[in-house]
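[1] could you look at this predicted model? Sequence included:
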2 protein chains.
Amino acid sequence: MRLLLISNSGRPMLWHCLQDIHHFLGSVRRVGYITAARLDDEEARFKTAAEALVQAGITAEHFRVDDALPARLKQAEAVFVGGGNSFALLQRLRDSGMLALLAERVRGGMPYIGTSAGSNIAGPNILATNDWNVVGTARFDAMNLVPWTINPHYQESDPAMAPGSETRDQRIGEYLAVNSNPVLGIEEQTAVRVENQSAIVVGSGRAKLFLRGRAPRWLKAGEAVPLMALEPA
Amino acid sequence: MRLLLISNSGRPMLWHCLQDIHHFLGSVRRVGYITAARLDDEEARFKTAAEALVQAGITAEHFRVDDALPARLKQAEAVFVGGGNSFALLQRLRDSGMLALLAERVRGGMPYIGTSAGSNIAGPNILATNDWNVVGTARFDAMNLVPWTINPHYQESDPAMAPGSETRDQRIGEYLAVNSNPVLGIEEQTAVRVENQSAIVVGSGRAKLFLRGRAPRWLKAGEAVPLMALEPA
């Protein structure tokens, strides 16, 4: 499996990760770009993304969730799932039957790039997303391609957070009080590149691994993220 | 119906709303305090809350979700549902059958006080909570005592928010793209007091009403929050 799981796409879109995307894709120069996470204008988002990708020599094709998608997914050289609302994305891909097909293609070796919501759905579930479940979807299990539930846009401290509100780490602590699999916080301008049975942090920020019953651990660029669940301490 | 829906409890706990609570309760001096939103130590949270309430002359009794709760709810003079994780709270109250019983008592006139998660469950659903659904609950409809889906800890701008992350208003916009009922953001140190078929903002902050297809509207202390769904503009 080959995955590039990016925390965000930034502004201008994708500027911080264009090189990583270019290197990750190798000789592949064409990606199917899925905008199903958007609850606003999918066409506008695709256009912005395609214009950014062209700078890295990559041609993006808009993969809408429609009757043509199964055939397009089967033939795609690589798929890029953009950010937006993780719950809407998961629901639309599941309801259309495309979630299983996409996971199958990635398991079969097709390169997968995700930003934000697109990274979230690569994990076992999306229960550590920052998004709101505005679509009221009732299933949260995702593609389970990596063992960590992902928290994109991770930041340790959030000084402007409302004083009575939970911190990010408290929320992750709540997750681990109920669930036993790890959570991976990924800072902005940072991604995790998975290939050859290893996962490496890339980009200018860090990732932070949260395991139940252990102190969280920062992982810098170049460091490996454990792909197997670790024994409890 | 009589409800006091508080955005947060603050630190020291409840300091900013003790007077409002005191006035709201009138001659009632005993509340059943529900800690089911906590995924950490429910006993510790109850102790802190009870110590705060005693300053307002109020005796709190710890209402745990157990076999004794139905009888206690039926006899309670008033109920106070504290903050924590809205999804855990809703799930525990629903699974125990206590959500319907609580709503029935409030509809029958028993005063209800909620902070944060406790305010969220008074709305038609909890899909505008800031919390994460770490328990993976699959039902989001709540007591529907007020027509607004509530966003506690509301803040218009969040300068420390990760740059690629959605703002609060964008999230509420996503909610309204999919759902037609209003959203009420309630700032810290602010509450909405519902009684005699009216809802009034109280406290030192403001509330902000979001209606689909309209510009949001700020409501200051003393202003009324519409209890009926308004006609679309």
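    Structure's in. What do you need?

[2] from now on I want contacts and neighbour counts done on CA atoms only, so please keep to that.
    OK.

[3] give me the residue from chain A nearest chain B.
    A:Ala138 (4.3 Å; C-alpha to the nearest C-alpha).

[4] need the three-state assignment for the residue nearest to that residue when sequence neighbours are not counted.
    Excluding the flanking residues, the one nearest A:Ala138 by C-alpha to C-alpha, 6 or more residues apart in numbering or on different chains is B:Ala138, at 4.3 Å. State at B:Ala138, reduced to three classes by DSSP: H, G, I helix; E, B strand; the rest coil: coil.

[5] my read: B:Ala138 touches A:Thr137, true?
    Yes: the pair B:Ala138 / A:Thr137 is scored as a contact, 7.4 Å apart, by C-alpha atoms under 8 Å.

[6] check the burial of the residue of chain A closest to chain B by counting its neighbours.
    14 (other C-alpha atoms under 10 Å in any protein chain shown).

[7] against B:Phe140, how distant is it?
    Separation of A:Ala138 from B:Phe140 (C-alpha to C-alpha, to the nearest Å): 9 Å.

[8] same question for A:Asn120.
    21 Å.

[9] okay, these two: which has more neighbours?
    With neighbours defined as other C-alpha under 10 Å, A:Asn120 and B:Phe140 compare such that A:Asn120 has more, 32 against 18.

[10] tell me where chain A has strands.
    A:3-6, A:30-34, A:59-63, A:79-81, A:112-115, A:149-151, A:183-186, A:190-195, A:198-203, A:207-210, A:217-219 (DSSP state E).

[11] what does the second one contact?
    What it means is strand A:30-34. A:46, A:58-65, A:73, A:76-82 (C-alpha atoms under 8 Å, 6 or more residues apart in numbering or on different chains).

[12] before we move on, what about the last one?
    Contacting residues not belonging to strand A:217-219 are listed as A:201, A:206-210, A:225 [C-alpha under 8 Å, 6+ apart].

[13] save those as JSON lines, and put in neighbour count, pLDDT and distance to chain B too.
    Listed next are the contacts of strand A:217-219 as JSON lines, based on neighbours: other C-alpha atoms under 10 Å in any protein chain shown; pLDDT from 0 to 100; distance: C-alpha to the nearest C-alpha, whole Å:
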{"residue": "A:Val201", "neighbour count": "24", "pLDDT": "97", "distance to chain B": "19"}
{"residue": "A:Arg206", "neighbour count": "24", "pLDDT": "96", "distance to chain B": "14"}
{"residue": "A:Ala207", "neighbour count": "29", "pLDDT": "97", "distance to chain B": "14"}
{"residue": "A:Lys208", "neighbour count": "20", "pLDDT": "98", "distance to chain B": "16"}
{"residue": "A:Leu209", "neighbour count": "20", "pLDDT": "97", "distance to chain B": "17"}
{"residue": "A:Phe210", "neighbour count": "22", "pLDDT": "97", "distance to chain B": "14"}
{"residue": "A:Val225", "neighbour count": "21", "pLDDT": "96", "distance to chain B": "22"}
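
[14] for those, which two are the farthest from each other?
    Across those, the longest distance by C-alpha to C-alpha is 15.0 Å; it joins A:Val201 and A:Phe210.

[15] mind listing the helices for chain A?
    Applying DSSP state H to chain A gives helices spanning A:18-25, A:42-54, A:69-75, A:86-95, A:98-107, A:117-120, A:168-178.

[16] of the ones you listed, which stretch is the most buried?
    helix A:117-120 (a mean of 32; mean count of other C-alpha atoms under 10 Å in any protein chain shown).

[17] closest to the centroid, which residue in chain A?
    A:Ser119 (0.6 Å; C-alpha atoms, centre = their mean).

[18] you'd agree that one is up against A:Leu3?
    No: with contact defined as C-alpha under 8 Å, A:Ser119 does not count as touching A:Leu3 (9.1 Å).

[19] any shared contact partners between these two?
    Joint contacts of A:Ser119 and A:Leu3 (C-alpha under 8 Å, 6+ apart) are A:Ile113.

[20] quick check: beta-bridge partners of A:Val81?
    Beta bridges link A:Val81 to A:Ile34, A:Gly114, judged by DSSP bridges.

[21] and it, what is it in contact with?
    A:33-35, A:112-115, A:117-119.

[22] need the strands of chain A in TSV (columns: distance to A:Leu18).
    Shown next, in TSV, are these (distance: least, C-alpha to C-alpha, whole Å):
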stretch	distance to A:Leu18
strand A:3-6	11
strand A:30-34	13
strand A:59-63	13
strand A:79-81	13
strand A:112-115	11
strand A:149-151	21
strand A:183-186	17
strand A:190-195	11
strand A:198-203	11
strand A:207-210	19
strand A:217-219	21
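
[23] of those, which is nearest B:Trp132?
    Nearest of those (C-alpha to C-alpha): strand A:149-151, 10.9 Å.

[24] does that closest one reach chain B?
    No: Strand A:149-151 does not reach chain B (C-alpha under 8 Å from any C-alpha of the partner chain); its nearest approach is 10.8 Å.

[25] now that strand, how far from the chain's geometric center?
    8 Å (C-alpha atoms, centre = their mean, to the nearest Å).

[26] any idea of the mean pLDDT for that strand?
    The predicted model assigns strand A:149-151 a mean pLDDT of 97.
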